[in-house]
Structures are given as structure tokens and as C-alpha cells.
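1. Make a model of this:
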Amino acid sequence: MSLANLLSAEQIIPEMKATERWSAIVELIDLLVSLGKIKAPDRDPILAALKQREETMSTGIGFGIAIPHCSSDRLDEVVAAFGRSTKGIEFDALDNAPVKFVVLFIVPKNQFQTHLRTLASIAKFLNDRSVRESLASAKSAEEILAIFRERS
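-> Down below sits the predicted model:
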């Protein structure tokens, strides 16, 4: 499942306010709640699942990329959001570099294959330096979405 299928322009934050991992995750979750993609009563349990996943090992995978993710029994379909930070976010990433791109996604429980395929697809896509350079120079959420649509 590609990001182009999971995202709309409203699910993209072209310049995140967050400067560290937890506030970045909260910023993206709150966006999804405000858009009705996550129900308000489900916000805290989903945040707890994301936090538990992060405490196992940071989802900052290097190259300025973080992919916080979890599964939840509170959703019926995959939900995602994308945030960009030109300043960089302290994410405790594997390479200790600040994170510029955060892809957050939540998969319904018992959809393990979807979870793995989505994670692999996002990682492979963002592993391409030219994709990261295009995303870094995009001027708006619409331009970022267009890159996902053209390149994935």
C-alpha cells in the first residue's frame, strides 16, 4: 500500500511545529483526529500503542526518516499522516540524525501482512535520495502529495 493511496493533502503537515519525537507523534495524531480519521475517544489508546512501539525501538530509521506505526483494534482501515520539518526533529533515530520526514500510520489489528507491506513500501520509497530531495524542496502539502503520486 503506497503513501499516495493513504494520504490526502489535508493529512500532510508541510512544516511541523514539533521539535522532538513525542510531540511530533501527537501533532500528527491530533491532525488525524481533527480530520475525523481517528475518533476522539480512540486518540489516547492509539497514542499509547504508538508510544509502546517507540519504547521498544525508535522508528527513526536514518536518513532523516521516522515511521512511527502501530496496530489498533479501534480502526477498520489503514490511517496515515505525513509531516515534514525543515529544522529537524530529535527522534532518537538509529543514526542519531534529526528527522525531517515523519510518516505515521496505524493498521487495524490482525492485518499483519498489510502492516508489513505498508512499512516496507514507505521505507523503500523514502530510501530514494531523489525522493527525499524532492520532498524537502516541495512548497506545499499539495506538492508533497504530487511527489507521492508521481513517484510511488
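2. how about the strands of the protein, start to end?
-> For the chain, applying DSSP state E gives strands covering 12-13, 60-62, 65-66, 69-72, 79-89, 99-108.
3. helices and strands around the fifth one, which ones?
-> This points to strand 79-89. helix 3-6, strand 12-13, helix 21-34, strand 99-108, helix 129-137, helix 141-151 (3 or more C-beta pairs under 8 Å, 6 or more residues apart in numbering; DSSP states H and E). No exception for glycine: its C-beta is placed from N, CA and C like everyone else's.
4. mind redoing it with 7 Å?
-> helix 3-6, strand 12-13, helix 21-34, strand 99-108 (3 or more C-beta pairs under 7 Å, 6 or more residues apart in numbering; DSSP states H and E).
5. Report the angle between the longest one and strand 99-108.
-> This means helix 21-34. For helix 21-34 against strand 99-108, the angle by axes from the mean of the first three to the mean of the last three C-alpha atoms, to 10 degrees is 50 degrees.
6. Just the residues contacting helix 21-34, thanks.
-> 11, 13, 16-18, 38, 40, 43, 46-47, 50, 54, 68, 79, 81, 83, 89-92, 102, 104 (C-beta atoms under 7 Å, 6 or more residues apart in numbering).
7. same check, this time on the second one
-> Contact with strand 12-13 is made by Glu27, Leu31, Phe82, Gly83, Arg84, Ala141, Ile144, Leu145, as judged by C-beta under 7 Å, 6+ apart.
8. tell me which residues of stretch 25-38 are tucked away?
-> Across stretch 25-38, burial judged by 16 or more other C-beta atoms under 10 Å covers Ile25, Glu27, Leu28, Ile29, Leu31, Leu32, Val33, Lys37, Ile38.
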